[in-house]
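A.B. asks: need the 3D shape of this:
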Amino acid sequence: MNRLAIRMGVVLVALALLAPAAANAFSIQLNYYGNKVVRWAKSDLTYYLDLGGIDEIRDGSDVTVFHRSFQDWQDVECSSLTFQYLGAATTKDVLPISWKTNGRNELVWITDSKWTFGQWVLGVTAPLTDYNGVITEADIAFNAYSQNWTTTGNTSWNTQDVKSVAIHEIGHFFGLQHVLYGYSDRDPPTMAPAVDPNGKTASLHTDDMMGACFLYPPAGEYYRCTSDADCPKIIGHDNQGNERYEGQLTCDANGYCSGVSGLAPQTIPFGAICALVDDCVPPNQCQTLVSGIKMCTRACDVAQDDCDTGFLCDTVGSDDGTWCVPGTKKKAIGEPCATARECVTAFCHPAPDASGMTCRQACYKDDGTCPQGETCWAIGTTVGGCYPASEVPTTLKKLGWECAADGECESGNCWSEGDAKFLCRKACDPANPDCFTGYYCAPLGDGRAACVPGEPKRDDGQVCSSDAQCVSGLCFQHPRSGARACRTPCSLGDWACPWGTTCVSYGSTTQGVCMPSVGKLSVGEACVDDGQCTTGICASFGNVAYCTQFCVEDWCPNDMTCVPVDPLGSLCAIPEPGGPDTAEDADVGDEAGSGGPVVRKSDGCRASAGAGTPFAHAGIGLLLVIGWAVTRRRARAG
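C.D. replies: The predicted structure follows:
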């Protein structure tokens, strides 16, 4: 433990002995499932700044204050937080203002009517998180539309101190939440919901620093506690979206805060995201997957593949061994398959008796590499699969002969259209077909193709009238336009689609359609006609038109809500703004049977003002509201 951590421990003990009512601790938020802390997966964060200034600050001192505010948090000795400035912000359409993401963490001044949070809301922070509570992007917007600002400390009822607001919002930027009560009005912490007009919230308090150390302890270490007072309170929301305390983590006998996983050694279960070598419950280990994500998993044998449901035995990015990773389990030899990637042997081959494709050991014809009692069955090529000798035919049929299975033909292709007879067909290469007039080269699966009578199958995007006309096997009729076109189906289990397309559900909870996405608008973006949208649905809600989609049961992306729209059914709509203390969590994006990103939002930062104090809505983010009037009123009363 370094010097600051020791000093903090001493101060906390003194507070507990001399004035326990003054201890206000610090606050955090949990992820969607309530089992992980919301924070970045790394401690080295980056940011971009609005360098344009505002009317009352043209000397660049606001930029200096922003840098100093980040530095104050970085100087907390028991925290591993670092911040690197990467340059000028390039847009005002940051997350709190437009919901748009760009992979950059930007702090900007909003000087026009894009500011919709009201006069008394000073700053808004919107962190983007996934279902595991990992923040992936965070933007901050400051109200320069209805407030004046200063960097000299000369504040008034409508002139605010940049440092007091910036240092507070940066706390939200990396995961800290509001300290709702329990502190002295004469000396509030930085993370109090209201800014102090006398500059008391412009500098970090002990509890603010404890929060940074809890979220981002030194590399390779865990945050340590000596009592429950060292552990954070948990912020949640009531039915109206108001912030409230929903509990507090407790200090266990080993000196770790407990109540959620990842705060102590050996607490993260199999399949969950981890950060440190000792995070996982044995025998699991923290391994880096090919995707770059770290996950608690266990070693496995590809041949046996005894991984849990939803996992398969495969290699990972950080180790030469094989580990259980998310995905569909590989199939054993003899099991039905559709593609080679499903098989333990990485080889899927059609059976000689036309009973279907099965996983097989690959072989070269007549090379003698198959196990004893098996024969290499190759159709139309020198590469085949190992089958029991009793299942492999010995006399093969010529082109045009009637057949019952691929294995009966010299060409390896036995094909029939509809109820017609099955005939042996000529093998071909779709890239360079050599078929007779009136025939076309049709893919038959597993890289094979045959010359068959008729017209070629149609690719995605081509007009169709039946599934049989499409290479994908799906002639999709759009519920909005009624137009039919060949489209590739997709599963909502993995949302996988070819490049340039996105998996879109039109109400189904299991299946979707791969729709063109290049140059198209995403759900929630303003549009003029259906053709601009990836989903093909541009709908008007009131005076605003934007791209939307069908609800998937009651789920919608981007914090949108499910509303009935005749005659289509239920569509996703952007909710009307609420009050400054109204916000909820909502799904955004895919992602993925693995869980899409979520815009994590907290209630408005506000003081407990008396009747008549104006508060505007806070539709998203973490809002800081003026505490000037309240503090002045209390000072007079005292």
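
A.B. asks: show me where the chain has its helices.
C.D. replies: For the chain, the helices defined by DSSP state H occupy 3-18, 61-74, 95-98, 162-173, 206-215, 628-637.

A.B. asks: run through the stretch 451-600 of the chain and note the low-pLDDT ranges.
C.D. replies: Residues of the stretch 451-600 of the chain meeting the criterion pLDDT under 70: 577-600.

A.B. asks: can you show me the strands along it?
C.D. replies: 475-477, 484-486, 489-491, 501-504, 511-516, 538-541, 544-547, 561-565, 569-573, 586-587, 598-599 (DSSP state E, counting those that start in this stretch).

A.B. asks: can you name every helix or strand that the first one contacts?
C.D. replies: Yep, that's strand 475-477 we're talking about. Packing partners of strand 475-477 (3 or more Cβ pairs under 8 Å, 6 or more residues apart in numbering; DSSP states H and E): strand 484-486. For the C-beta atoms, the positions are set from N, CA and C on the backbone; glycine is no exception.

A.B. asks: what's in contact with the strand it packs on?
C.D. replies: 458-465, 469-472, 474-478 (Cβ atoms under 8 Å, 6 or more residues apart in numbering).

A.B. asks: how about a cut-off of 6 Å?
C.D. replies: 458, 460, 461, 462, 463, 464, 470, 472, 475, 477 (Cβ atoms under 6 Å, 6 or more residues apart in numbering).

A.B. asks: the fifth one: what's it in contact with?
C.D. replies: Read it as residue 463. residue 485 are the contacts of residue 463 under Cβ under 6 Å, 6+ apart.

A.B. asks: ok, back up a step: just name the most buried of the strands of the stretch 451-600 of the chain.
C.D. replies: strand 598-599 (a mean of 26; mean count of other Cβ atoms under 10 Å).

A.B. asks: against residue 459, how distant is the nearest residue to residue 457 once chain neighbours are set aside?
C.D. replies: Spatial nearest neighbour of residue 457, excluding adjacent residues (Cβ to Cβ, 6 or more residues apart in numbering): residue 471 at 4.2 Å. Separation of residue 471 from residue 459 (Cβ to Cβ, to the nearest Å): 6 Å.

A.B. asks: and the two? Which one has more around it.
C.D. replies: residue 471 (15 against 12; other Cβ atoms under 10 Å).

A.B. asks: hang on, isn't that one packed against residue 461?
C.D. replies: No: checked against Cβ atoms under 6 Å, the pair residue 471 and residue 461 is beyond contact range at 10.9 Å.

A.B. asks: nearest to residue 349, of the strands of the stretch 451-600 of the chain?
C.D. replies: strand 489-491 (23.7 Å; Cβ to Cβ).

A.B. asks: just checking the distance from the closest one to the centre of its chain.
C.D. replies: For strand 489-491, the separation from the chain centroid amounts to 20 Å (computed by Cα atoms, centre = their mean, to the nearest Å).

A.B. asks: which residues sit against that strand?
C.D. replies: By Cβ under 6 Å, 6+ apart, strand 489-491 touches 474, 497, 503, 512, 514.

A.B. asks: apply 7 Å and report the result again.
C.D. replies: 472, 474, 496, 497, 503, 510, 511, 512, 513, 514 (Cβ atoms under 7 Å, 6 or more residues apart in numbering).

A.B. asks: beta partners for residue 476?
C.D. replies: Legend: beta-bridge partners of residue 476 under DSSP bridges are residue 485.

A.B. asks: got a list of what it touches?
C.D. replies: Contacts of residue 476 (Cβ under 7 Å, 6+ apart): 484, 485, 487, 513.

A.B. asks: dump those into JSON lines; add distance to residue 557 as well.
C.D. replies: JSON lines is the format used below for the contacts of residue 476 (distance: Cβ to Cβ, whole Å):
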{"residue": "484", "distance to residue 557": "26"}
{"residue": "485", "distance to residue 557": "24"}
{"residue": "487", "distance to residue 557": "20"}
{"residue": "513", "distance to residue 557": "16"}
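
A.B. asks: and which of the residues you listed is nearest to residue 121?
C.D. replies: residue 513 (41.0 Å).

A.B. asks: report the beta-bridge partners for the closest one.
C.D. replies: The partner residues for residue 513, given DSSP bridges, come to residue 489, residue 504.

A.B. asks: likewise residue 552?
C.D. replies: Bridge pairing for residue 552 (DSSP bridges) gives the partners residue 555.
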